[in-house]
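>>> my questions concern the predicted model and sequence given below.
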Amino acid sequence: MTDAPILSVDDVQVAFPVGGLMKRSAILGVAGVSFSVRPGETFALVGESGSGKTTLARAINGLQAISRGTITFDGDRIDNLNKAQMKAVRKRMSMMFQDPVGSLSPRMTVGDLVTEPFRIHGAEGRDLRAEAARLLTLVGLPADFATRYPHQLSGGQARRVGVARAIALDPALIIADEPTAGLDVSVQGEVLNLLNDLRERLGLAMVIITHNLHVVHHVADRTAVMYLGRFVEIGETEEMFANPHHPYTAALLSANPEPDPDKVHDRITLPAEVPSLLARPEGCEFHTRCPWGKEKCRVEAPPPGDVACHFPLEPGADPPITEPAL
Ligand SMILES: Nc1ncnc2c1ncn2[C@@H]1O[C@H](COP(=O)(O)OP(=O)(O)OP(=O)(O)O)[C@@H](O)[C@H]1O
Ligand SMILES: [Mg+2]
């Protein structure tokens, strides 16, 4: 692992316009986030539905304009590129989209699907049949799957085809949006192992996006937890799991306890209601759901830092206050 990041996201914001022509305003799908990923590293973005994970991924991939901040890939700014320039970037930064089967064209064979990146990027000179066999083998599928169609694949096989497409052009970074969604637990593990294995063999960096913190435990070096378009906690995954500092991280972890009988998790139940992006809470934006919330949290935004909380949890913290400070 070298120190120079392959990807740097600095204070990135994505604003979506709302309202009609007369009453224009904007909501922030991503509200100013910063992180970097080094070559060979796996970085995870975790958070509930609507927290802004996909919007951030689309912004990095140039599919969504940003309204503030900068994005740097392999030393170059990429947030201000035109279509042709961004296409060149996508040779080295590939995106696996959220819906595994739906993102594969039903009328293309697996062989055509995995070699499509070569056609898109004008590399037809290659022996595409040999490339298809090579890529399918890399992702653990028989080479003769090249003649199959997406509807003939299981969910896990479709995901492997998605991975083969993502690695076709030998990228430096893969962004995988919910790579295990909709798969059986055992198949989820297989797909994560495959991604991890390829990262090591090909020296890739990865950004993995998921709802489920436990999906990332064994594959992500560092993790950021998103809430309402912001990072509430960012840090080393192992350390975060052993000792979550933000109440939201602790709640996500306790909502999905690991099957470890030695670990006693007090279940932390959050009020279900996620605030609307149209009406962000004052003070700490998490205070309306925080089991530990105090008066200060209602009025004052937490200071910037790796844990966006006035009262970060420490090991052996007091149990939650049952009624959140609404
Ligand atoms: N084009 C758009 N216009 C307006 N609002 C949008 C647009 N795209 C996303 N949003 C809003 O931005 C917020 C973040 O959405 P996003 O899809 O990034 O969440 P997510 O974390 O990926 O959720 P999920 O886990 O369900 O995939 C949501 O409130 C969503 O409604
Ligand atoms: Mg999403």
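Thanks, I have the structure now. For clarity, every value in this text was computed on a predicted model and none was experimentally measured. Numbers count the residues shown, from 1 in each chain. Ligands and ions are numbered 1, 2, ... in the order given.
>>> what about the helices in this structure?
Along the chain, counting by DSSP state H, helices occupy 53-60, 83-90, 110-120, 128-138, 155-167, 185-202, 213-217, 237-242, 247-255, 295-299.
>>> among these, which comes closest to ligand 1?
Minimum separation from ligand 1 across the helices of the chain (CB to the nearest ligand atom) falls at helix 53-60, 3.2 Å. All C-beta atoms are positioned from the backbone trio N, CA, C, and that covers glycine.
>>> return the distance of the closest one from the chain's centre.
8 Å (CA atoms, centre = their mean, to the nearest Å).
>>> spell out which parts of the stretch 201-326 of the chain neighbour ligand 1.
211, 277 (CB under 6 Å from any ligand atom).
>>> might you report the residue contacts of the residue of the stretch 201-326 of the chain found nearest ligand 2?
Closest residue of the stretch 201-326 of the chain to ligand 2, CB to the ion: residue 209 (6.6 Å). Contact analysis of residue 209 by CB atoms under 8 Å, 6 or more residues apart in numbering lists 44-46, 53-54, 57, 175-178.
>>> ok, what's across the strand from it?
Following DSSP bridges, residue 209 is listed with bridge partners residue 45, residue 177.
>>> residues near the residue nearest to residue 31 when sequence neighbours are not counted, how many?
Excluding the flanking residues, the one nearest residue 31 by CB to CB, 6 or more residues apart in numbering is residue 229, at 3.9 Å. Neighbour count of residue 229, defined by other CB atoms under 10 Å: 25.
>>> isn't residue 229 up against residue 29?
Yes: between residue 229 and residue 29 there is a contact under CB atoms under 8 Å: 5.6 Å.
>>> give me the common contacts of these two.
With CB under 8 Å, 6+ apart, residue 229 and residue 29 have common neighbours 14, 52, 55, 277.
>>> starting at the chain centroid, how far to stretch 83-97?
With CA atoms, centre = their mean, you get 17 Å for stretch 83-97.
>>> mind listing what's buried in it?
86, 89-91, 93-97 (16 or more other CB atoms under 10 Å).
>>> cool, stretch 139-158 as well?
Applying 16+ other CB under 10 Å to stretch 139-158 flags 139-141, 145-146, 148, 150, 153, 155-158 as buried.
>>> and it, C-alpha only, in CSV?
Coordinates of each C-alpha in stretch 139-158 appear next as CSV, following Å, rounded to 0.1, in the frame of the first residue of the first chain:
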residue,chain,number,x,y,z
VAL,A,139,-14.5,-14.6,-11.2
GLY,A,140,-14.8,-18.4,-10.7
LEU,A,141,-17.3,-19.2,-13.5
PRO,A,142,-16.8,-21.9,-16.2
ALA,A,143,-15.6,-20.4,-19.5
ASP,A,144,-18.6,-22.0,-21.3
PHE,A,145,-20.9,-19.7,-19.4
ALA,A,146,-20.1,-17.2,-22.2
THR,A,147,-23.0,-18.5,-24.3
ARG,A,148,-25.6,-18.2,-21.5
TYR,A,149,-28.1,-15.4,-21.0
PRO,A,150,-28.7,-13.4,-17.8
HIS,A,151,-32.0,-15.2,-17.1
GLN,A,152,-30.1,-18.5,-16.9
LEU,A,153,-27.9,-17.3,-14.1
SER,A,154,-28.5,-17.5,-10.3
GLY,A,155,-28.2,-14.2,-8.3
GLY,A,156,-24.7,-15.1,-7.3
GLN,A,157,-23.6,-15.9,-10.8
ALA,A,158,-25.1,-12.7,-12.1
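>>> what does it rub up against?
100-101, 104-111, 113-114, 129, 132-133, 136-137, 160-161, 163-164, 167, 182-184, 187, 190-191, 194, 198.
>>> quick check on those: which are buried?
Among the contacts of stretch 139-158, those scoring as buried are 100-101, 104, 109-111, 113-114, 132-133, 136, 160-161, 163-164, 167, 183, 187, 190-191, 194, 198 (criterion: 16+ other CB under 10 Å).
>>> just to revisit the earlier point, so which of the contacts of residue 209 comes closest to residue 74?
Nearest to residue 74 among the contacts of residue 209: residue 175, at 14.2 Å, using CB to CB.
>>> low-confidence ranges, the protein, go.
When residues are selected by pLDDT under 70, those of the chain lie in 1-2, 21-23, 124, 256-267, 272, 316-326.
>>> same thing but at 80, please
Within the chain, the segments meeting pLDDT under 80 span 1-3, 19-24, 99-103, 123-125, 212-215, 255-269, 271-272, 315-326.
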